[in-house]
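Chemist: quick one: sequence plus predicted model below, questions after.
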Amino acid sequence: MKKLLLILILTFSFQTLVKANDIRDFQIEGMSLYDSALNYFSKSKIKDSEEDYYKDKKYTTTTITSSKFEVYQQVQITYKSNDNNFVLIDINGIIDKNYQDCLNEIEIISKDFDKMFPNTKKSDLYTFSHWQDKSGDSKVSDMLWTFSNGDLIVLACYNWNSAFGKKNRYVDELRISIGSKEFDDYLTGFN
């Protein structure tokens with residue numbers, strides 16, 4: 001029943017975006033790429049939830065949990081560290097989800113995305129080792145829809161059923177991401 005409910009929520013959340021040609025037409029919990037995070041959260045909420053992922057400190061990622069979220073358990077936002085306006089260059093909606101169930105769900109959701117983003121370049125499902133787990137046992141499976149300007153939308157399943165995942169108390173999850181080309185290029189070079 002929970003699986004069906006999630007699929008219905010996600011599908012209805014996307015219905016207003018029939019054939020989106022601009023990534024800013026797509027939202028996660030009301031947020032669009034290139035909006036200011038200050039439109040949604042206080043500066044103290046943003047700063048208090050920061051994560052330390054990047055050694056060069058060029059970007060900052062914040063993970064926020066809120067009872068106001070309608071679809072996701074958490075939202076992870078990224079912005080340039082020196083940006084006082086906190087312009088969103090990456091947004092992730094996160095739901096705890098068993099890895100195998102997640103794979104089944106993204107296959108279903110991807111059909112809606114194919115209809116919503118017909119003018120994008122789609123990458124098929126690809127599985128790889130998560131960069132944080134040096135053993136290679138933690139996996140990510142994702143599909144990408146890339147817009148003409150290089151911005152992208154990602155459906156992903158994270159498999160943390162590994163010694164690394166258990167040590168860090170990570171749980172399997174489904175993520176839907178909206179990312180800028182700038183940040184995607186950074187992450188590609190970062191890994």
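Modeler: Arrived safely, thanks for sending.

Chemist: state the phi and psi torsions of T65.
Modeler: Phi and psi for T65, reported as degrees, to the nearest 10, are phi -110, psi 140.

Chemist: confidence score at it?
Modeler: With respect to pLDDT, T65 scores 94.

Chemist: likewise D133?
Modeler: Looking at D133, its pLDDT stands at 88.

Chemist: ok, it - contacts?
Modeler: 162, 164-165 (CB atoms under 8 Å, 6 or more residues apart in numbering). Heads up, the C-betas are built off the backbone N, CA and C, glycines and all.

Chemist: most neighbours among those residues, please name it.
Modeler: When neighbours are counted by other CB atoms under 10 Å, G165 leads those with 20 neighbours.

Chemist: and the gap between it and Y158?
Modeler: 9 Å (CB to CB, to the nearest Å).

Chemist: which residues of this protein score low on pLDDT?
Modeler: 1-21, 190-191 (pLDDT under 70).

Chemist: quick one, helices of it?
Modeler: 2-14, 43-48, 99-116, 163-167, 181-190 (DSSP state H).

Chemist: separation between L103 and Y126?
Modeler: Going from L103 to Y126 by CB to CB gives 12 Å.

Chemist: higher neighbour count, these two?
Modeler: L103 (16 against 11).

Chemist: give me the nearest residue to that one, chain neighbours excluded.
Modeler: C157 (5.4 Å; CB to CB, 6 or more residues apart in numbering).

Chemist: for that neighbour, what are its contacts?
Modeler: Per CB under 8 Å, 6+ apart, neighbours of C157: 97, 99, 102-103, 106, 140-142, 172-175.

Chemist: ok, those residues vs T65, which is closest?
Modeler: For those, the minimum distance to T65 (CB to CB) is 13.2 Å, reached by E173.

Chemist: what sits in contact with each of L103 and Y126?
Modeler: What both L103 and Y126 touch, as defined by CB under 8 Å, 6+ apart, is the set S141.
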